[in-house]
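Participant: Any chance you can model this:
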Amino acid sequence: MSFMRIIPTIPPYAPFLKDLASHALIQGFRLNTVMPVHESLEELLKRLQLIVDNKEIWIDLKCRQIRTSHGAFFNPIKEPRIYELHGEKYILDPSNPKVHGELNSPPWAVLKIDRKIKLDFSDGPIRCWFQDGYDKAYICAVEDGDTLIMLDGPRRVVGGGESINILHPSLEIEGYLTPRDVQYIEAAKSVGIHTYMPSYVESNDDVKAILELDPDAEIIAKVESEKGLEWVRTAYKSESLCNLMAARGDLYVETAIRRPERILWALETIVRNDCDAVVASRILTSLRESSRPTCSDITDIYAMIEMGYARFMVGDDICFNENSIMLALDIMKAIDDGHDDHVHTSMADDIACKDDTPTIEDRSYIPAPLA
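Facilitator: I've put the predicted structure just below:
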């Protein structure tokens, strides 16, 4: 008997959604609200409800996630600018371009983001991360709260809607729910949807902010930061207003970019505090390039099952293509079926060694956050 449940991401206008909804492991769908739509939110949600045969539709709320509105890479300023930070001068000169492959661009960028933020530059430029941690840049100034002046990088053109990770302790983000989040909550309520996936949940107050707008809300809180993990460890169980999600895309960057092994303790912390937690992102990513998954992708899913996860959310990168998401579902079902067979055939051995085997509950040590 299979226990795995899968929540794929919905591309709103994909023609294969009905076939996807019929798969045995599909519990519901996640709607990534950063995607542009060509109808009212109410019409969008009503249409999707009919297509997915009334399975759950989880509304993805962006909340504290910092995303680009747009970037300017081709002489966005006319005259050179000089920034002095910590006694050192930096000159941003649009007349001095450099080449990355075939792209001629200045050695810096100006990025507009969708949130108002504050940063303390008294110790110099602040590093930020793009592309799940595979690209980085240095911010030297924030203008008008939502315009980032970059000293160097990123190494490619950044499009609208891409996330940025800023790990500096001085980061302050204005507000929690975005205006678009509130619009989606109101639209969802109007069509009878009450299921939400808020990003960067870091306190019970974050959860309550959604419940105030929709008292019937069912929430899966994305844990994506050190503050989020601290909330899970210290305050989540006190009220248990929601389920948890180990959102590994940002969680890995935010908590383990300097010490990658820390992602293991983060994942264990989340599932230890919520046995019905969802693990999400970085799942079967090799299917983006090939129909044959890598060994590490297969063992990753098995390891998550062994750690205690039964609910998986598959991200945009796999779900945009019908072949890759259908193949991913078949692979995950095969792994789950194989794990189920293994559990039954080895149960006697498990019982025999149970008293001598350390469990997740026995692991009380969680590495402290890095300074």
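Participant: Please, which helix or strand holds Arg156?
Facilitator: Using DSSP states H and E, Arg156 sits within no helix or strand.
Participant: Surely it and Tyr134 touch.
Facilitator: No - counting by CB atoms under 8 Å, Arg156 stays clear of Tyr134, with 10.2 Å between them. Placement of C-beta: from N, CA and C, glycine included.
Participant: What number of residues are in the vicinity of Ile173?
Facilitator: 16 (other CB atoms under 10 Å).
Participant: tell me the contacts of it?
Facilitator: Residues near Ile173 by CB atoms under 8 Å, 6 or more residues apart in numbering: Arg64, Ile66, Arg115, Lys116, Ile117.
Participant: Could you rerun that using 7 Å?
Facilitator: Arg64, Arg115, Ile117 (CB atoms under 7 Å, 6 or more residues apart in numbering).
Participant: more crowded one of Arg156 and Tyr134?
Facilitator: Higher neighbour count among Arg156 and Tyr134: Arg156, with 16 against 10, using other CB under 10 Å.
Participant: May I have the secondary structure class of Ala221?
Facilitator: Using DSSP: H, G, I helix; E, B strand; the rest coil, the structure places Ala221 in strand.
Participant: Leaving out the residues flanking it, which one is nearest to it?
Facilitator: Val201 (3.7 Å; CB to CB, 6 or more residues apart in numbering).
Participant: Could you check how many residues crowd around the one you found?
Facilitator: 32.
Participant: Where does it fall, secondary structure wise?
Facilitator: Val201 belongs to no helix or strand, assigned by DSSP H and E.
Participant: Numbering from 17 from now on, please.
Facilitator: From this message on, residue numbering opens at 17, which makes the last subject Val217.
Participant: Need the three-state assignment for Cys156.
Facilitator: Looking at Cys156 with three-state DSSP, the answer is strand.
Participant: Let me know the closest of the contacts of Ile189 to Arg298.
Facilitator: Using CB to CB, Arg80 is the member of those that sits closest to Arg298, with 20.2 Å.
Participant: Isn't the closest one up against Ser219?
Facilitator: No - contact criterion CB atoms under 7 Å: Arg80 and Ser219 do not qualify, at 11.0 Å.
Participant: So for those two, which sits in the more crowded spot?
Facilitator: Arg80 (25 against 15).
Participant: need the contact list for that one.
Facilitator: Taking CB under 7 Å, 6+ apart as the definition, contacts of Arg80 comprise Ile189, Tyr192, Ser215, Tyr216.
Participant: Widest-spaced pair of these?
Facilitator: Ile189 and Ser215 (11.3 Å).
Participant: how about the contacts of Arg80 in CSV, adding distance to Val223, secondary structure and pLDDT?
Facilitator: As requested, these are exported to CSV (distance: CB to CB, whole Å; DSSP: H, G, I helix; E, B strand; the rest coil; pLDDT from 0 to 100):
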residue, distance to Val223, secondary structure, pLDDT
Ile189, 17, strand, 94
Tyr192, 10, coil, 94
Ser215, 12, coil, 97
Tyr216, 12, coil, 97
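Participant: Show me which of these is closest to Tyr200.
Facilitator: Once CB to CB is applied, the member of the contacts of Arg80 that ends up nearest Tyr200 is Ser215, at 12.6 Å.
Participant: Does the closest one touch Val239 like I think?
Facilitator: No - with contact defined as CB under 7 Å, Ser215 does not reach Val239; the gap is 9.7 Å.
Participant: Look at these two and report which has more neighbours.
Facilitator: Neighbour totals were compared for Ser215 and Val239, and Val239 leads with 30 against 25 (other CB under 10 Å).
Participant: how close does that one get to Val126?
Facilitator: 32 Å (CB to CB, to the nearest Å).
Participant: again, but for Arg308
Facilitator: With distances taken as CB to CB, Arg308 is found 41 Å from Val126.
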